[in-house]
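> For reference, the sequence and a predicted model appear below.
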Amino acid sequence: MNRPIALVSAMREELDAVLARLPDARVERVAGRDFLHGHWDGLPVVATLSGIGKVAAATTAVLLAEHCRARAIVFTGVAGGLGAGVRVGDVVVARSFLQHDLDASPIFPKYVVPGHGRARYEADAAWTDALCAAAGAALENLGRHGLADALQALGLGRPRLHQGLLISGDRFVSTAEESRALQRALPDALAVEMEGAAFAQVCHDCRVPLAVVRTISDRADDAAHADFMRFVRTVASPYSLAVIDALLDNIKNNSAH
């Protein structure tokens, strides 16, 4: 199959380690975005930055689906932890998505997407299973990409893998009050970020498989800004590389049989 697998993050710092694996990629600029077309150990891939927020994410998702004809979209990056036991340094693989700031009530129930009759969108089961396996493999081998040392330098313990609901909105949640309000409204939400649910809605419409993994950079509270970029550079970006490496290696090996 010649259609590429799309590798996406919101910010350059989240995707730097992945982009370093594609030094000879062909750059195509479309709608103000650079799409890097290349190969990862023989597999065709296209890597790009979505930009921050739901509108930027939706635009990028449409371009990946319709212009780049992506076989699947794999999104990596950071998020704020919400669920009990979801700690900084942990990893969340999304099974479903919801826009926590979408409210067309009283015409439609809160969170429901008008015209779709639903609030939640599911990640692709097969790709998400594969992403979970890759994330688990990366956690078992933290030293390979220097992650063990990076976590220790930040005073973080051994990370754990979580699966479940990821919520998105056009706001960086950075106060304990906001975080508690989201926890009360959506008690099964594991983490909050700004792009995943937009990708999920577009991928549902365009029928493109989506899988999303997020490293928890903070607890979406008053300390959410502390050492954020350091965490992204030293933990989240190398972790994205480790997960993508394991995922694509598994896909390549399975397609060879």
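In hand now; what should we look at? Numbering: from 1, shown residues only.
> Residue 63 - that's part of a strand, no?
No: judged by DSSP: H, G, I helix; E, B strand; the rest coil, residue 63 forms no part of a strand; its state is helix.
> My read is that it contacts residue 32, right?
No: under the criterion of CB atoms under 8 Å, residue 63 makes no contact with residue 32, lying 10.2 Å away. For the C-beta atoms, the positions are set from N, CA and C on the backbone; glycine is no exception.
> more crowded one of these two?
For residue 63 versus residue 32, the count of surrounding residues by other CB atoms under 10 Å is larger for residue 63: 20 against 8.
> Contact partners for the more buried one?
For residue 63, the contacting residues are 30-31, 33, 35, by CB atoms under 8 Å, 6 or more residues apart in numbering.
> ok, and the most crowded of those residues?
The member of the contacts of residue 63 surrounded by the most neighbours (other CB under 10 Å) is residue 35, with 23 neighbours in all.
> is it true that that one lies in a strand?
Yes: counting by three-state DSSP, residue 35 is located in a strand.
> Relative to residue 201, how far out is it?
Here residue 35 is placed at a distance of 21 Å from residue 201 (CB to CB, to the nearest Å).
> and what of residue 12?
In terms of CB to CB, residue 12 sits 24 Å off from residue 201.
> between those two, which one's more packed in?
Comparing residue 12 with residue 201 by neighbour count (other CB under 10 Å), the higher total belongs to residue 201, at 23 against 11.
> hang on, isn't the more buried one packed against residue 119?
No: judged on CB under 8 Å, residue 201 makes no contact with residue 119 at a distance of 10.6 Å.
> shared neighbours of the two, which are they?
In contact with both residue 201 and residue 119: residue 113, using CB under 8 Å, 6+ apart.
> Let me see the ranges of the helices in this protein.
In order along the chain, the chain carries the following helices (DSSP state H): 12-19, 54-62, 125-140, 147-153, 176-185, 196-206, 228-231, 237-255.
> Packed most tightly, which of those would that be?
Mean neighbour counts were compared across the helices of the chain using mean count of other CB atoms under 10 Å; the top stretch is helix 196-206, at a mean of 24.
> That helix packs against which elements?
helix 54-62, strand 72-81, strand 91-99, strand 120-122, strand 161-168, strand 210-218 (3 or more CB pairs under 8 Å, 6 or more residues apart in numbering; DSSP states H and E).
> For my notes, please list the ones you listed in TSV and give distance to residue 232 and mean pLDDT for each entry.
Shown next, in TSV, are the helices and strands packed on helix 196-206 (distance: least, CB to CB, whole Å; pLDDT from 0 to 100):
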stretch	distance to residue 232	mean pLDDT
helix 54-62	17	98
strand 72-81	6	95
strand 91-99	14	98
strand 120-122	26	98
strand 161-168	18	98
strand 210-218	7	94
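> Can you lay out these as a markdown table showing distance to residue 238?
Output for these, formatted as a markdown table (distance: least, CB to CB, whole Å):
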| stretch | distance to residue 238 |
| --- | --- |
| helix 54-62 | 23 |
| strand 72-81 | 11 |
| strand 91-99 | 12 |
| strand 120-122 | 29 |
| strand 161-168 | 16 |
| strand 210-218 | 10 |
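> Ends of stretch 26-41, what's the gap?
16 Å (CA to CA, to the nearest Å).
> nope, stretch 215-231 is what I was after
Rule used - CA to CA; the end-to-end distance of stretch 215-231 is 10 Å.
> got any ranges where this protein has weak pLDDT?
For the chain, applying pLDDT under 70 flags the ranges 1, 222-226, 255-257.
> Thanks again, I'm all set now.
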